[in-house]
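>>> Fold the following for me, if possible:
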Amino acid sequence: MSSLSNTTVSSNGFSPSFGQCVDINDCRTVSSIFWSCFSVIVICTWTAIHPNIPLVGTHSATVFYQNLEIMVLALLTPELIVLWAARQWYSANRIARKFKRYGWGKSHAFFILMGGFALYDGEKFCGYLWEKREEVDEEYWDQIVSLHQRESSGLSPHSSNLADQENDNQAEFATLDANQAHQVIDLEVQSVEGSEDQKSSDPACLLEFFITKGYITITEDEIKDNLSHGDVISKSVAIIQTTWFLLQVIARAAEGLAITELEIVTVAFALLSFATYFLWWNKPLRIRHPIRVDWRRHELTSSNKLDEASGGWVNTMREGVAAILNYTTPSQARNTPDFIAQIIMFPITAIVHFINLASAITNENTAENIPKVLLSARLGKKGPLRLYIPIYCIACVFGGIHCIAWAFRFPTHTDQVLWRISSVIVAIVPFTLGVLHWYLKSIARNISRFVSFLLVTPAMLLGILYMVARAILIVVALSALRDLPPSAYQTVRWTTFIPHIG
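Residues are numbered from 1 along each chain as shown. Prediction:
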């Protein structure tokens, strides 16, 4: 009878005779498998995602909830995140070409798309400065341009009688306090030579006006170093960790070792994250506030934010919960006086809001309770079809990766059936949506709204079905950890991949 003492044990602590691990220090455990996959998924759904700047005035609790929503969206429909990144990448290239003559690059372009420049009139938020004329440009263009013309004609902003010469609508550009809570652009009028004005063409929007007149001079290095919370090094480390995980899975397949379903799910996430990193490589990461652009002088007043925040942690939590409820609840339902009733209804409103958020990736004006700047790509419903074709192809490949586990060992037959059905759904639905998208694009001008609705409704139902299938895959992958094949605990023998003689 063989005993443990004379059993042949491989160099990785695994006994081929017993088909089990005999040295826990040299074998994988369920917890190590889980945390290895979990860390990569966190990288793919948190670190790799570059959200836009939150809407001005957004409560910190709402910002956290928005980031959590996007993270869940990345878990259930990671292809939508790639689509969002692709739309922004396409727009950023277009904006970068437009502003190239001012020495601006892709980081500037992404910063514009994120809502990076906010126009203020004292404490009043006027709107965002975009790459083309919007409502804020129409409202303030004449005032700002006429003020600049008066100042450049010789009037000094520091003259003693300036206040007597101008009324409230003709105030000077703002002199700003350097100790303000977030970075501010000082638009105090500078001396601009006439020859410089002649060199530049007429600006098409307020943002371009401020750039040509030398009021906005932020450099690409300042955006990356002073504002962004991620750099090339941090992104490279994340990519290296993701690549190392992929190499381990490939090595296990080469050695004929069991690969868990959770690792298959993680591989799919990891491969998609490379596309996201590529598209968002020049986009600043997790900037909390936009650059504030004050266009005229106001007396600085002390902020009451500290007084408002001193109401105790109970009031702070209540305000945070109220802010989240207000964010997820449609405006027509926000008049509910009962705070408890709003909390009870929160699961329903949160699900509806999440679906609206997913729809807003492709249509930035889908729902009024989704801030336009949250997912801004400056494309609206537009965008060439060639932009979407690669995304649909990537989505099909992503779904097909799950089919690798078609013949894997599952704890129960039910788990195996659920996995197979869900894998087919996530592989086929993107192709079906792509065909519907192409068909709608090709006949959009020749159909009525009713027919368009009949075509869009199945697409929405397919999207919901896709998210359900994704959730099932994740649940089945986690439940499969309770009963793994013996070789799943075996570690890779890297020495077998090193060329040697004998």
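>>> Going by C-alpha atoms from here, please, whenever you check contacts or count neighbours.
Noted.
>>> Can you give me the neighbour number for the closest residue to D121 other than its chain neighbours?
Leaving aside its chain neighbours, D121 sits nearest to D294 (5.7 Å; criterion: CA to CA, 6 or more residues apart in numbering). D294 has 25 neighbours, counted by other CA atoms under 10 Å.
>>> What of A96?
A96, neighbours per other CA under 10 Å, totals 20.
>>> In this structure it contacts K106, no?
Yes: between A96 and K106 there is a contact under CA atoms under 8 Å: 5.4 Å.
>>> From H413, how far off is the closest residue to I43 other than its chain neighbours?
Distance criterion CA to CA, 6+ apart; nearest residue to I43, sequence neighbours excluded, is A238 at 6.7 Å. A238 sits 37 Å away from H413, taking CA to CA, to the nearest Å as the criterion.
>>> Which one's more surrounded, these two?
A238 (19 against 10).
>>> now the more buried one: how far from F274?
Applying CA to CA to A238 and F274 gives a distance of 10 Å.
>>> quick one, strands of this protein?
14-15, 20-21, 117-121, 124-128, 184-185, 291-294 (DSSP state E).
>>> Make TSV out of the ones you listed and add mean pLDDT and distance to T62.
What follows is the strands of the chain, written out as TSV (pLDDT from 0 to 100; distance: least, CA to CA, whole Å):
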stretch	mean pLDDT	distance to T62
strand 14-15	54	49
strand 20-21	61	47
strand 117-121	92	19
strand 124-128	91	19
strand 184-185	48	23
strand 291-294	88	20
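>>> who's in contact with W280?
W280 makes contacts with 50, 85, 89, as judged by CA atoms under 8 Å, 6 or more residues apart in numbering.
>>> Among those, which one is most surrounded by other residues?
A85 (26 neighbours).
>>> residues in contact with the residue lying closest to that one once chain neighbours are set aside?
Nearest residue to A85, sequence neighbours excluded (CA to CA, 6+ apart): L279, at 5.8 Å. Counting by CA under 8 Å, 6+ apart, L279 makes contact with 85-86, 89.
>>> same deal with K106?
Per CA under 8 Å, 6+ apart, neighbours of K106: 92-93, 95-96, 282-283.
>>> so how far is P284 from it?
For K106, the distance to P284 - CA to CA - is 10 Å.
>>> mean confidence score for stretch 429-447?
Mean per-residue pLDDT for stretch 429-447: 81.
>>> and H59, what does it touch?
Contacts of H59 by CA under 8 Å, 6+ apart are 320, 323.
>>> measure it to W46 for me?
20 Å.
>>> Tally up the residues packed near Y489, please.
That count, for Y489 with other CA under 10 Å as the rule, works out to 25.
>>> correct me, but it touches S31?
No: using CA under 8 Å, Y489 is not in contact with S31, being 10.8 Å away.
>>> Can you show me the helices along the stretch 101-250 of the chain?
For the stretch 101-250 of the chain, the helices defined by DSSP state H, counting those that start in this stretch occupy 106-113, 135-152, 162-165, 194-199, 206-212, 220-222, 232-255.
>>> Please work out which residues outside the last one touch it.
Helix 232-255 is touched from outside by 36, 40, 43, 47-48, 258-259, 263, 267, 270, 274, 277, 491-492, with contacts defined as CA under 8 Å, 6+ apart.
>>> In CSV: these, plus distance to V456 and pLDDT.
What follows is the contacts of helix 232-255, written out as CSV (distance: CA to CA, whole Å; pLDDT from 0 to 100):
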residue, distance to V456, pLDDT
S36, 40, 93
V40, 35, 92
I43, 33, 86
T47, 33, 81
A48, 30, 85
A258, 42, 93
I259, 39, 95
E263, 35, 96
V267, 32, 95
A270, 31, 92
F274, 30, 91
Y277, 31, 91
T491, 48, 88
V492, 48, 87
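>>> I only care about those that end up buried; give me the PyMOL line for that.
In PyMOL syntax, the buried subset of the contacts of helix 232-255 is picked out as below (16 or more other CA atoms under 10 Å):
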select buried, resi 40+43+47+48+258+259+263+267+270+274+277+491+492
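>>> Of the contacts of helix 232-255, just say which sits nearest to G400.
V267 (11.6 Å; CA to CA).
>>> ok, the closest residue to the closest one other than its chain neighbours to L73 distance?
Leaving aside its chain neighbours, V267 sits nearest to L246 (6.5 Å; criterion: CA to CA, 6+ apart). Applying CA to CA, the value for L246 to L73 is 23 Å.
>>> just R150 next, same as before
51 Å.
>>> Check I233 too.
26 Å.
>>> Comparing those two, which residue is more hemmed in?
Using other CA under 10 Å, the more surrounded residue of I233 and L73 is L73, with 20 against 9.
>>> show me where pLDDT drops low in the chain?
Counting by pLDDT under 70, the chain has low-confidence residues at 1-26, 154-201, 230-231, 297-311, 331-337, 364-369, 380-382, 444-445, 495-502.
>>> Give me the most central residue, it.
P51 (3.5 Å; CA atoms, centre = their mean).
>>> So that residue is in contact with R286, correct?
Yes: between P51 and R286 there is a contact at 6.1 Å, judged by CA under 8 Å.
>>> Over to T329: give its phi and psi.
phi -90, psi 130 (degrees, to the nearest 10).
>>> how about stretch 51-65: buried residues?
51-55, 59, 61-63, 65.
>>> burial count for the nearest residue to L357 once chain neighbours are set aside?
For L357, ignoring the flanking residues on the chain, the nearest one in space by CA to CA, 6+ apart is I370 at 6.7 Å. Residues contacting I370 under the criterion other CA under 10 Å number 19.
>>> so who does I370 touch?
353, 356-357, 360.
>>> Tell me the most packed of these, by neighbour count.
Once you tally neighbours by other CA under 10 Å, L357 ends up highest among these, having 24 neighbours.
>>> if we can go back for a sec, any idea which of the strands of the chain gets closest to L418?
strand 20-21 (28.3 Å).
>>> Please flag which of the contacts of I370 sit within helices.
Members of the contacts of I370 lying in helices (criterion: DSSP state H): 353, 356-357, 360.
>>> how near is the nearest residue to Y65 once chain neighbours are set aside to T243?
Nearest non-adjacent residue to Y65, counting by CA to CA, 6+ apart: I324, 7.1 Å away. Distance, I324 to T243, using CA to CA: 37 Å.
>>> Which of these two has more residues huddled nearby?
Taking other CA under 10 Å, I324 and T243 do not tie; I324 has more neighbours (22 against 16).
>>> if I read this right, the more buried one contacts T62, doesn't it?
Yes: I324 lies in contact with T62 (CA under 8 Å); the separation is 5.1 Å.
>>> I216: neighbouring residues, count only.
Neighbour tally, I216, other CA under 10 Å: 18.
>>> so it touches F210, yeah?
Yes: counting by CA under 8 Å, I216 does reach F210; the two are 5.7 Å apart.
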